[in-house]
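Chemist: kindly generate the corresponding structure for this input.
(2 chains)
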2 protein chains.
Amino acid sequence: MQDFIYQVDTKILFGHDQLRNLSKEIKKYGNRVLICYGGGSIKKSGLYDKVIKELEENDIFYKELWDIEPNPRVESVKRGVEIVKKHSLNFILPVGGGSVIDCAKLVAAGAKVETDPWKIVIGEEIVKEALPIGAILTIAATGSEMDKASVITNVKTKQKLGWASKHVLPKFAIMNPEYTYTVPKYHTSAGVADIMSHTMENYFSLNDGCYMQDRMAEGILKTMIKYGPIAYNDPENYEARANIMWSNSWAINGLLGSGKSTAWSVHAMEHELSAYYDITHGIGLAILTPRWLKHVLNNETVEKIATFGKNVFEIEETSDKFEDANKAIDALYKFFKDEMHIPMTLQELDIDETHLRDMAKATIRHKNGPIKGFQTLQEEDVYEIYKMSL
Amino acid sequence: MQDFIYQVDTKILFGHDQLRNLSKEIKKYGNRVLICYGGGSIKKSGLYDKVIKELEENDIFYKELWDIEPNPRVESVKRGVEIVKKHSLNFILPVGGGSVIDCAKLVAAGAKVETDPWKIVIGEEIVKEALPIGAILTIAATGSEMDKASVITNVKTKQKLGWASKHVLPKFAIMNPEYTYTVPKYHTSAGVADIMSHTMENYFSLNDGCYMQDRMAEGILKTMIKYGPIAYNDPENYEARANIMWSNSWAINGLLGSGKSTAWSVHAMEHELSAYYDITHGIGLAILTPRWLKHVLNNETVEKIATFGKNVFEIEETSDKFEDANKAIDALYKFFKDEMHIPMTLQELDIDETHLRDMAKATIRHKNGPIKGFQTLQEEDVYEIYKMSL
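Modeler: The predicted model follows:
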């Protein structure tokens, strides 16, 4: 186990009626709020009205930033920063899923500097402070409400890049599983795949002595396998939505990766898919992950992949570790395809060979060289994994 | 899953050289420190000298409170409060295990009031503020470095009682697994039993839909089963000490109990044992837990106990759930006895029938009535469990 620092001080308000605490929590930090949201699903569901009512009844001034894209773009961030500066806002309130929260994080940091917020994403501007953020979560997927990271897309440069700062860790998050009842089936599946991918990016490593973290990771994966299909088939099942929502936070908030070197190999490859084709992040992860595992399966990795099969999918051990590992990868593939009904080929998303080589080059470029993860991936490996995914 | 609030903002500095950050972390909060420690094992190990050097080199004023008992007494707390007030200290630095940290917590809260600190423990004085605390952990057991609770003993009234306040959650904890290399075998075992007990107090509940939390609890139990014996037999095994130390925090910091009703049944019974006989807390928990499970095994609880056996001890399922559950309880008993070499009867601790009835009465009295946990325990149940443990 490597040395590490762990600190996640987000206050989680979980359950049915937590929205009643919204104003009280906001007022600890500010009173002039930028509400951020996406395409308006929160208006359809009635959540928007409840939030506005809560703010107005408590004399909290607010402005709005809406139309934030599923892969949030730096242009939306700039619109947000402009509103914040114009109205001297002092609190950022994303109401939505990871896209909205990720956008809100860059608005919160961008509002404190004079330069283009994209410079923060590419590391040219260091974040020294940010406006406080409180999140109201409506999709379980990215875990952005309880972590320091954000992913922003620049369509002009075809870049989808992650950045992180402790200053943008939300101060609080209101997590009511009922808000996710209206998430469409496709995005419920994408969310489950995203949570599983975060867990697996932390989990698949070699002999690092982080046994506890790996057993907890298996716990989250088992939770997804149990409740993913239930939420898919019975969207208003509170127990399923609650377990998925709470898992979503723990898959990525630092616990599972504590003491480990993690490379987030599949995320690096998926970010290029989304940058080039604007596909749903979780779907891209589901497609790539089993192919990645097949590609990196070798004498060094076989033990861990077989353990994954045994502990997560309850695959019976045989004397042939490779057989066990292959069964594990197949079980993961089948879970995504048959239980979560995810289109498991790139072709189903209208992606063909055209940009595979460019995306492989970009993956390596954006990682500043080969991806040193579970197994080192060179450009050729990434290209091969994309091809396997067609 | 019930509604809940979760917030644990302790900064964890985990690993080899984290002591170098001590002064920097203290100075965020104060510059006049009360160092708290126990019987002097930190002097033998050399840790005391390192801490003093770090403080002196950074011009941090300090006073000392030592001889804190394994079951920390309110008299030690009063000594601490007196030193703090006399020297206008503004930071509390426990260096030790749970006893030292628990004592430090009541010193931190007691320093802010004029009344007897025992009134805080019995709930007659509400904690509104406390001095900031930073902990240097030297024993993995109670998880006190990352939680809000503290347990204090009053020898005069034969009371060992828990209390909690968010104001005494440590601001930071320095956790170097090497500091636990010198923990004697008996206390290494007691620590492992304590961690497992915390986990099981959270785990054993009925149909509350907290599936994720229970799978994570199983992960911690598996970690103890793997590494407990390694740490016992090979005290300087870093990987074992690190996994046990990190598990110790997560067993009790709120994650495993989030969304649940927990009654801490075994702790309630053990507190009387320690109050009457001053025994090592973790040993008392190890003795009581299997007897408690045998006592509460019935049609309602059998499924959960069998699941525990399957997922934690890899006991193969049969068609007879009661057989599976009994095997699970036996496996737990054997683990404590054969792997951790814990004396598994009260008689081995020189405890006989004399006070069993009084302790059973006191257990119920201190819980203000029957213990409403995995199964409701009346005085007669507690008495029976004590008798089974003789």
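Chemist: what residues does the stretch 251-390 of chain A put near chain B?
Modeler: A:255, A:258, A:259 (C-beta under 8 Å from any C-beta of the partner chain). C-beta: built from backbone N, CA, C; applies to glycine.
Chemist: nearest to residue B:165 among these?
Modeler: When these are compared for distance to residue B:165 (C-beta to C-beta), residue A:255 wins out at 24.3 Å.
Chemist: in chain A, which residue sits furthest out from the middle?
Modeler: Outermost residue of chain A with respect to the C-alpha centroid, by C-alpha atoms, centre = their mean, is residue A:319; its distance is 36.8 Å.
Chemist: about what we covered before: columns pLDDT on top of the residues of the stretch 251-390 of chain A next to chain B, output as TSV?
Modeler: Output for those, formatted as TSV (pLDDT from 0 to 100):
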residue	pLDDT
A:255	97
A:258	97
A:259	97
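Chemist: dump these to JSON lines, plus neighbour count, secondary structure and distance to residue B:378.
Modeler: Putting those into JSON lines (neighbours: other C-beta atoms under 10 Å in any protein chain shown; DSSP: H, G, I helix; E, B strand; the rest coil; distance: C-beta to C-beta, whole Å) gives the following:
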{"residue": "A:255", "neighbour count": "22", "secondary structure": "coil", "distance to residue B:378": "39"}
{"residue": "A:258", "neighbour count": "19", "secondary structure": "coil", "distance to residue B:378": "42"}
{"residue": "A:259", "neighbour count": "21", "secondary structure": "coil", "distance to residue B:378": "44"}
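Chemist: packing partners of the helix ranked longest in chain A?
Modeler: Longest helix in chain A, counting residues (DSSP state H): helix A:211-233. Judged by 3 or more C-beta pairs under 8 Å, 6 or more residues apart in numbering or on different chains; DSSP states H and E, helix A:211-233 is in contact with helix A:185-203, helix A:238-250, helix A:302-313, helix B:211-233, helix B:238-250.
Chemist: could you list the domains of chain A?
Modeler: If you go by automatic domain parsing, the domain ranges for chain A are A:11-179, A:185-388.
Chemist: so which of these comes closest to residue B:31?
Modeler: domain A:11-179 (24.0 Å).
Chemist: what is the mean pLDDT for that closest one?
Modeler: Regarding domain A:11-179, the rounded mean pLDDT is 96.
Chemist: and it, how far out from the chain's middle?
Modeler: 15 Å (C-alpha atoms, centre = their mean, to the nearest Å).
Chemist: please apply the same query to stretch A:350-365.
Modeler: 22 Å.
Chemist: what average pLDDT does that stretch get?
Modeler: In this model, stretch A:350-365 has an average pLDDT of 96.
Chemist: so which bits of it are buried?
Modeler: Residues A:351, A:355, A:356, A:359, A:360, A:362, A:363, A:364 are the ones in stretch A:350-365 that count as buried (16 or more other C-beta atoms under 10 Å in any protein chain shown).
Chemist: closest to residue B:212 among these?
Modeler: For the buried residues of stretch A:350-365, the nearest to residue B:212 is residue A:363 (32.0 Å; C-beta to C-beta).
Chemist: helix or strand for the closest one, which one?
Modeler: If you go by DSSP states H and E, residue A:363 is part of helix A:356-366.
Chemist: can you give the contact residues for that helix?
Modeler: A:158-159, A:161, A:268-269, A:271-273, A:275-276, A:370-371, A:377-380, A:382-383, A:386-387 (C-beta atoms under 8 Å, 6 or more residues apart in numbering or on different chains).
Chemist: thinking again about what came up before, mind putting the domains of chain A into JSON lines with distance to residue B:16?
Modeler: As requested, the domains of chain A are exported to JSON lines (distance: least, C-beta to C-beta, whole Å):
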{"stretch": "domain A:11-179", "distance to residue B:16": "22"}
{"stretch": "domain A:185-388", "distance to residue B:16": "12"}
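Chemist: show me the one of those that comes nearest residue B:282.
Modeler: Using C-beta to C-beta as the measure, domain A:185-388 is the one of those that comes nearest residue B:282, at 18.6 Å.
Chemist: so what would you say the end-to-end distance of that closest one is?
Modeler: Domain A:185-388 has an end-to-end distance of 26 Å (criterion: C-alpha to C-alpha, to the nearest Å).
Chemist: the most centrally placed residue in chain A and residue A:96: what is the separation?
Modeler: Residue closest to the mean C-alpha point of chain A, counted by C-alpha atoms, centre = their mean, is residue A:142 at 2.4 Å. Remark: distance between residue A:142 and residue A:96 (C-beta to C-beta, to the nearest Å) = 10 Å.
Chemist: just residue A:103 next, same as before
Modeler: In terms of C-beta to C-beta, residue A:103 sits 9 Å off from residue A:96.
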